[in-house]
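Q: missing the sequence, but the structure's below:
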């Protein structure tokens, strides 16, 4: 007779539906005046357990691998109604473990396919305001790292990354990267890098359109002018090092060749890089060199760029003569040789050099 009264095992869809009901309750009542503390505590505990069960279905339980059919059922039910929205919006209201589990659930759902469709991408396309919530999460220390991790998973989808790139939020990252909280600043920097490197065609289009983005989308300085002044010129070592590494990654990517040519044609950009070559950090010097070499290798240098290189030639040659990496690096030595050899920096069109020498420009290199 005992078997007659056993509860029926919950299906993945059941777990999602019950989780959704609990999320609705928490969203409406958690922390509200007049709420029954005991009932709220019970609901929170039940919600945390359901969220943990969802994670186990998607990831397995340590002894068993996740079952494909169960993941499909869970995913279908998750996006049948607004469970993803509720889960994201309730992150600030649940405990730390539930936040961690929720972050892993959102991440996993971005990869789940149902009949070759990624339902998460379609849902986010129709609910882009959720991206606004995730990005603004960097302003809340309690949820910043959870929302940041979710955001990076969401921008795996090209259309979602494009939305963020083209949104007014992009300029906020220059502030988020320099938040005093090291963990949050590092997380924002990781997201910023992901946005500017993952989807190459989309990034190339964004950079080309918004090189002078004040003229295109926003009442805002040029993207690279802001990048130079806020990040490359930062007094913070980590910010500066990450920025110069990211700049090199962007400019050395073939898909960004048109933007790279614009960047290396600017004397202002060249002066920034020459100053970075003098940084007290060898790591920053090396990363700066990988960008500086693009200026030197450009066969169509504008006269103002040539003039700066010629004016500072002797100082640059002295600098490069003693410029070495800590470990032997044949490629680095080859690049350095190309920069200051007769085939590199010395070989400048005679007419352009003469025109440049007629102009009086300040020296960028000290000493």
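A: Now that the structure is in, tell me what you want to look at. Note that the coordinates shown come from a computational prediction; the quantities given were computed from them, not determined experimentally.
Q: Tell me which stretches of the stretch 201-350 of the chain form helices.
A: Along the stretch 201-350 of the chain, the segments classed as helices by DSSP state H, counting those that start in this stretch run 213-216, 223-226, 237-251, 257-263, 267-277, 282-297, 303-311, 313-321, 330-340, 350-357.
Q: Buried residues in the longest one, which are they?
A: Of the residues in helix 282-297, those scored as buried under the neighbour-count criterion (16 or more other C-beta atoms under 10 Å) are 284-296. Backbone N, C-alpha and C define where each C-beta goes, glycine included.
Q: Which secondary structure elements does that helix sit against?
A: helix 237-251, helix 267-277, helix 303-311, helix 330-340 (3 or more C-beta pairs under 8 Å, 6 or more residues apart in numbering; DSSP states H and E).
Q: Quick one: low-confidence residue ranges for the stretch 201-350 of the chain.
A: Under the criterion pLDDT under 70, the flagged ranges of the stretch 201-350 of the chain are 212-221, 340-350.
Q: rerun at 80
A: 210-222, 325-350 (pLDDT under 80).
Q: Residue 61 belongs to a helix?
A: No. Under DSSP: H, G, I helix; E, B strand; the rest coil, residue 61 sits outside any helix and is assigned coil.
Q: Okay, domains of the chain per the record?
A: With domains defined by automatic domain parsing, the chain comprises 11-26+41-127, 264-367.
Q: Distance to residue 152 for these - can I get that in CSV?
A: CSV is the format used below for these (distance: least, C-beta to C-beta, whole Å):
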stretch, distance to residue 152
domain 11-26+41-127, 8
domain 264-367, 23
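Q: out of the ones you listed, nearest to residue 239?
A: Among those, the nearest to residue 239 by C-beta to C-beta is domain 264-367 (10.8 Å).
Q: end-to-end on stretch 157-173?
A: By C-alpha to C-alpha, to the nearest Å, the extent of stretch 157-173 from end to end equals 19 Å.
Q: Quick check: mean pLDDT of that stretch?
A: Throughout stretch 157-173, pLDDT has a mean value of 94.
Q: Residue 199 - nearest residue in space that isn't next to it in sequence?
A: residue 158 (4.7 Å; C-beta to C-beta, 6 or more residues apart in numbering).
Q: Lovely, talk soon.
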